[in-house]
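A.B. asks: sharing a model that was predicted from the sequence below.
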There are 2 protein chains.
Amino acid sequence: MEKKIPYKIYLEENEIPKQWYNVRADMKNKPAPLLNPATLQPLTVEDLNPIFCEELNKMELDNDTRYFDIPTEVLDFYKMYRPSPLVRAYFLEKALDTPAKIYYKFEGNNTSGSHKLNSAIAQAYYAKKQGLKGITTETGAGQWGTALSMACAYFGLDCKVFMVKCSYEQKPFRREVMRTFGANVTPSPSNTTAVGRKILEEHPGTTGSLGCAISEAVEAAVTKEGYRYVLGSVLNQVLIHQSIIGQEVQTALKKYDIKPDILIACTGGGSNLGGFAAPFMGEMLRGEADYKIIAVEPASCPSFTKGKFAYDFCDTGRICPLAKMYTLGSQFIPSANHAGGLRFHGMSTILSQLYHDGLFECRAVEQNDVFKAAVTFARAEGTLPAPESSHAIKVAIDEALKCKESGEAKTIVFNLSGTGYFDLVAYEKYNSGVLTDEIPSDETIAGYLSQLPKLDL
Amino acid sequence: MEKKIPYKIYLEENEIPKQWYNVRADMKNKPAPLLNPATLQPLTVEDLNPIFCEELNKMELDNDTRYFDIPTEVLDFYKMYRPSPLVRAYFLEKALDTPAKIYYKFEGNNTSGSHKLNSAIAQAYYAKKQGLKGITTETGAGQWGTALSMACAYFGLDCKVFMVKCSYEQKPFRREVMRTFGANVTPSPSNTTAVGRKILEEHPGTTGSLGCAISEAVEAAVTKEGYRYVLGSVLNQVLIHQSIIGQEVQTALKKYDIKPDILIACTGGGSNLGGFAAPFMGEMLRGEADYKIIAVEPASCPSFTKGKFAYDFCDTGRICPLAKMYTLGSQFIPSANHAGGLRFHGMSTILSQLYHDGLFECRAVEQNDVFKAAVTFARAEGTLPAPESSHAIKVAIDEALKCKESGEAKTIVFNLSGTGYFDLVAYEKYNSGVLTDEIPSDETIAGYLSQLPKLDL
């Protein structure tokens, strides 16, 4: 007999997980190591320490520790906006007239507007603990920069954000949230770094790119006493911090004896998919349960569905380490899809290995279909979703409609990783019928893949 | 012995109040009736029915019924975003180093971004129940229009919003949220109404005003079969619907044996102050408890602190009913304060009577002080507040700092009625040090007050 499920399942404060989960401990096939681009040798903590925070580097390279204690200071901050609710989408089910039972974890209930805060506060904490003065980062769409500025305000750290110039100009609201939280926001490329000045000289009038902003943020960190660089996705440490999402989902489901059949999350660099799904993948790896897990990526940047599992550079400038991952080639520049958080040519090495091992499937979806699903969801459930999260919504709706056809009452759980309050330019285009999408042809992708570094390992 | 108070007190779904509270039932001195501007006779339900929904008109004029059952359909919708949390502001207390215990009710956790949804869904429900096709309204800053578009999407009602033209152009994001929820948004003045065409003829190039948008919305309602007009503040019915806020606060406080000393809310037309505080004022009127209740208004529009308690028109165009209220005169146009929701020359008749009878005090605060408090709050508590709500924050901080001086551990509760995600133009001005405020002199106000209608009642 199923318990009566409320619209929103809120856990108690003391049900916030006390540990982060590291899925690598349960993986038989560990992700391939990051390689130093100069020596092609696996990176060591010592290699990483000049750039990143020390404690985080240990986490980054630790394939064995299953659980890391969450520091009290981070747990205190989590209490500000966690536990986040697991919502039963009764209204969406009704709108779709489906026998499926749909749930979503809502990570957008904080001023950063997304799940990014879960890792930002952890990274800021370890920077503070190391005695640093500040941290630097880059931001495109702005969620990560906002989250980091909130975290730095909390710990009294200086926060330097290099924001891709076109976003800086087109998204003044994001910029102002960061400034309100005390961050120093610089449009990139800028005159404040050597690499920025070089780029400006070579490409006067450029509106910047994420690759360029990364280079500036790294330079700003390594050339200034007491600073380090931080990153909001792709890295193993980020997946560890984000595991709080999936663990909370597990606790909430258990509380109401709910057994999920299908788990869905969008994926760009992997922080969202990894955070939401890795704890469930752990159950699968340990042989305790079986789920159908679906990753969703934009058709305009189809790393999993059209990419190659190979060593590649993580950045366009080819200065960052090499990672073995599903990649479209480091020179691949996706079209201007409005899901800015999903526009990365590669993928988390952990998720790449798990995908390679068949732990989950992936679907690539087109931008207009995504916004159609977003509007259906908003009108039914009353929350305006982020374009990124709407990729998961699209597939959740697809699966719910399949249930309608088959008459099956499957339980579908997806991650609503953020809200769309700062994405209304995209909604305006969709509402006005002028939203387009640009999907790379197989030939185009083959061209980029042919440029992958040829390693003799 | 005080119970351990969690950061966020969430009530259970079944603790959402089942009834709305009507404070007039507990008032010995009832608010003076609305008068028909043509006859100067008290308005009847029959007078109101051609413009507003019938059930709502009964509520509007009912001085005696203490509780109204909340319809099941409205309760279902409330479950989507209610109960809203009562948050213990531990982080703000620490930042202020105060012995005061600060709590805030957070009404911004929904896509409309404010408490407005509480009344929007009620009004949409009664319109649907009456068999209407749609409803019309005006919106300035956009919170009310957004809330109403969400409510109409839920009940499948047509929603026509007349948005003050300068807001329509300056706040395209608000407009797009409404369109995403299916509303028809028209910049006002427009060619779609006779009054709009007249204004455009007389004032070509005008960017509109709230008064003009009201006139257009009313015309659109009364001239179209199956439509009525709705309003998001000032009215008695709105205070009734919003009473769900204060009742939830009472339940949460009771659950943890918390006795508030000071209750604080901002006030423009009164929907927020009335909704939050009226249930507590009811306790005072019935002699069950005593609280210090503080209303906060902008110094640029000081209806309570500088206005007169007299009959006046509710609109600049002098076509709406006369109400006995604290007013600055219907011709008073407040300066362009960024708390758009607080820029009304008058005040709810209920709250006006209660203020006259000494149930609460009022403070007028300056815009830069408000944003200073907003930034302190955001950095400490992690939520970017609406400029309107930040008026309450400013006074809550003032009171907490008084406690620091006196060493008293008073319990302060305020209403955080909304988020500032769509108010970043204002934050940008404040962050850049160019925010100004324009406070009317006593002479200016006296000039407007001398134009109050001379009634021989």
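C.D. replies: Arrived safely, thanks for sending. This structure is a prediction, so every number in the text was calculated from the model and none was measured.
A.B. asks: switch to C-alpha atoms for all contacts and neighbour counts from now on
C.D. replies: Will do.
A.B. asks: which residues does the most centrally placed residue in chain A contact?
C.D. replies: With distances taken as Cα atoms, centre = their mean, the residue of chain A nearest its centroid is residue A:271 (3.2 Å). Residues in contact with residue A:271 (Cα atoms under 8 Å, 6 or more residues apart in numbering or on different chains) are A:232-234, A:238-239, A:242.
A.B. asks: farthest-separated two in those?
C.D. replies: The distance between the two most remote of those (Cα to Cα) is 11.4 Å, for A:234 and A:242.
A.B. asks: the more surrounded of these two?
C.D. replies: Between residue A:234 and residue A:242, counted using other Cα atoms under 10 Å in any protein chain shown, the more crowded position is residue A:242 (31 against 22).
A.B. asks: quickly find the element holding that one.
C.D. replies: helix A:236-255 (DSSP states H and E).
A.B. asks: show me which positions of that helix end up buried.
C.D. replies: Residues of helix A:236-255 classed as buried by neighbour count (16 or more other Cα atoms under 10 Å in any protein chain shown): A:236-250, A:252-253.
A.B. asks: packing partners of the helix or strand just after that helix?
C.D. replies: Per DSSP H and E, the first helix or strand lying C-terminal to helix A:236-255 is strand A:262-266. When contacts are defined as 3 or more Cα pairs under 8 Å, 6 or more residues apart in numbering or on different chains; DSSP states H and E, strand A:262-266 sits against helix A:271-285, strand A:292-298, helix A:387-406, strand A:411-416.
A.B. asks: is the third one anywhere near chain B?
C.D. replies: Think helix A:387-406. No: applying Cα under 8 Å from any Cα of the partner chain, one finds helix A:387-406 separated from chain B by no less than 13.2 Å.
A.B. asks: next one: that helix to chain centre, how far?
C.D. replies: Its chain's C-alpha centre and that of helix A:387-406 lie 20 Å apart, by Cα atoms, centre = their mean, to the nearest Å.
A.B. asks: now swap in stretch A:144-163 and tell me
C.D. replies: 17 Å.
A.B. asks: what mean pLDDT does it get?
C.D. replies: For stretch A:144-163, mean pLDDT rounds to 97.
A.B. asks: kindly report the same for stretch A:180-193.
C.D. replies: Rounded mean pLDDT across stretch A:180-193 is 96.
A.B. asks: now do the buried residues in stretch A:123-135.
C.D. replies: Buried, per 16+ other Cα under 10 Å, within stretch A:123-135: A:123-128, A:132-135.
A.B. asks: now these in a markdown table, with pLDDT?
C.D. replies: Output for these, formatted as a markdown table (pLDDT from 0 to 100):
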| residue | pLDDT |
| --- | --- |
| A:123 | 98 |
| A:124 | 98 |
| A:125 | 98 |
| A:126 | 98 |
| A:127 | 98 |
| A:128 | 98 |
| A:132 | 98 |
| A:133 | 98 |
| A:134 | 98 |
| A:135 | 98 |
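A.B. asks: within reach of chain B, which of those residues are there?
C.D. replies: Applying Cα under 8 Å from any Cα to the buried residues of stretch A:123-135, none is adjacent to chain B.
A.B. asks: adding secondary structure as columns, could you present these in TSV?
C.D. replies: Listed next are the buried residues of stretch A:123-135 as TSV, based on DSSP: H, G, I helix; E, B strand; the rest coil:
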residue	secondary structure
A:123	helix
A:124	helix
A:125	helix
A:126	helix
A:127	helix
A:128	helix
A:132	coil
A:133	coil
A:134	strand
A:135	strand
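A.B. asks: out of the residues you listed, who's nearest chain B?
C.D. replies: residue A:124 (14.6 Å; Cα to the nearest Cα).
A.B. asks: show me what contacts that closest one?
C.D. replies: Counting by Cα under 8 Å, 6+ apart, residue A:124 has contacts A:135, A:148, A:151-152, A:155, A:157.
A.B. asks: hey, C-alpha coordinates of stretch A:280-288 in CSV?
C.D. replies: Extracted in CSV, the C-alpha atoms of stretch A:280-288 (Å, rounded to 0.1, in the frame of the first residue of the first chain):
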residue,chain,number,x,y,z
PHE,A,280,22.1,5.7,-7.9
MET,A,281,24.8,4.4,-10.3
GLY,A,282,26.7,3.4,-7.1
GLU,A,283,23.7,1.2,-6.2
MET,A,284,23.9,-0.4,-9.6
LEU,A,285,27.7,-0.8,-9.5
ARG,A,286,27.3,-2.6,-6.1
GLY,A,287,24.6,-4.8,-7.5
GLU,A,288,22.0,-3.5,-5.1
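A.B. asks: out of the contacts of residue A:124, which are buried?
C.D. replies: Of those, these count as buried by 16+ other Cα under 10 Å: A:135, A:148, A:151-152, A:155, A:157.
A.B. asks: tell me which of the residues you listed fall in strands.
C.D. replies: Using DSSP state E, the subset of these located in strands is residue A:135.
A.B. asks: the buried ones among the contacts of residue A:124 in helices, which ones?
C.D. replies: A:148, A:151-152, A:155 (DSSP state H).
A.B. asks: returning to that earlier point: now for the buried residues of stretch A:123-135: which two are most distant?
C.D. replies: So, those by Cα to Cα: farthest apart are A:123 and A:133, at 13.3 Å.
A.B. asks: just checking, what packs against the helix or strand bottoming out on mean pLDDT in chain A?
C.D. replies: Taking mean pLDDT, DSSP states H and E as the measure, helix A:165-170 is the helix or strand of chain A with the lowest mean score, a mean of 85. Packing contacts for helix A:165-170, counted by 3+ Cα pairs under 8 Å, 6+ apart, involve strand A:184-188.
A.B. asks: give the pairing partners of the strand it packs on; include direction for each.
C.D. replies: strand A:158-164 (parallel) (DSSP bridges).
A.B. asks: what does the partner strand contact?
C.D. replies: A:133-140, A:142, A:145, A:148-149, A:152, A:182-189, A:207-210, A:212-214, A:216-217.
A.B. asks: of the buried residues of stretch A:123-135, closest to residue A:282?
C.D. replies: Of those, the one sitting nearest to residue A:282 (Cα to Cα) turns out to be residue A:123, at 23.7 Å.
A.B. asks: thought the closest one was touching residue A:56?
C.D. replies: Yes: using Cα atoms under 8 Å, residue A:123 makes contact with residue A:56 at a distance of 7.3 Å.
A.B. asks: shouldn't residue A:115 be in contact with residue A:108?
C.D. replies: Yes: counting by Cα under 8 Å, residue A:115 touches residue A:108, with 6.6 Å between them.
A.B. asks: who touches both of the two?
C.D. replies: With Cα under 8 Å, 6+ apart, residue A:115 and residue A:108 have common neighbours A:417-418.
A.B. asks: pLDDT below threshold where in chain A?
C.D. replies: A:1-2, A:456-457 (pLDDT under 70).
A.B. asks: spell out which parts of it neighbour chain B.
C.D. replies: Residues of chain A lying near chain B (Cα under 8 Å from any Cα): A:6-8, A:10, A:13, A:79-80, A:109-111, A:150, A:153-154, A:173, A:176-177, A:179-181, A:375, A:378-384, A:421-422, A:424-425, A:427-428, A:431.
A.B. asks: quick one, helices of the stretch 1-150 of chain A?
C.D. replies: A:45-48, A:54-61, A:72-81, A:90-96, A:117-129, A:143-155 (DSSP state H, counting those that start in this stretch).
A.B. asks: just name the most buried of those helices.
C.D. replies: Highest mean neighbour count among the helices of the stretch 1-150 of chain A (mean count of other Cα atoms under 10 Å in any protein chain shown): helix A:143-155, with a mean of 27.
A.B. asks: before I go, just wanted to say thanks for your time.
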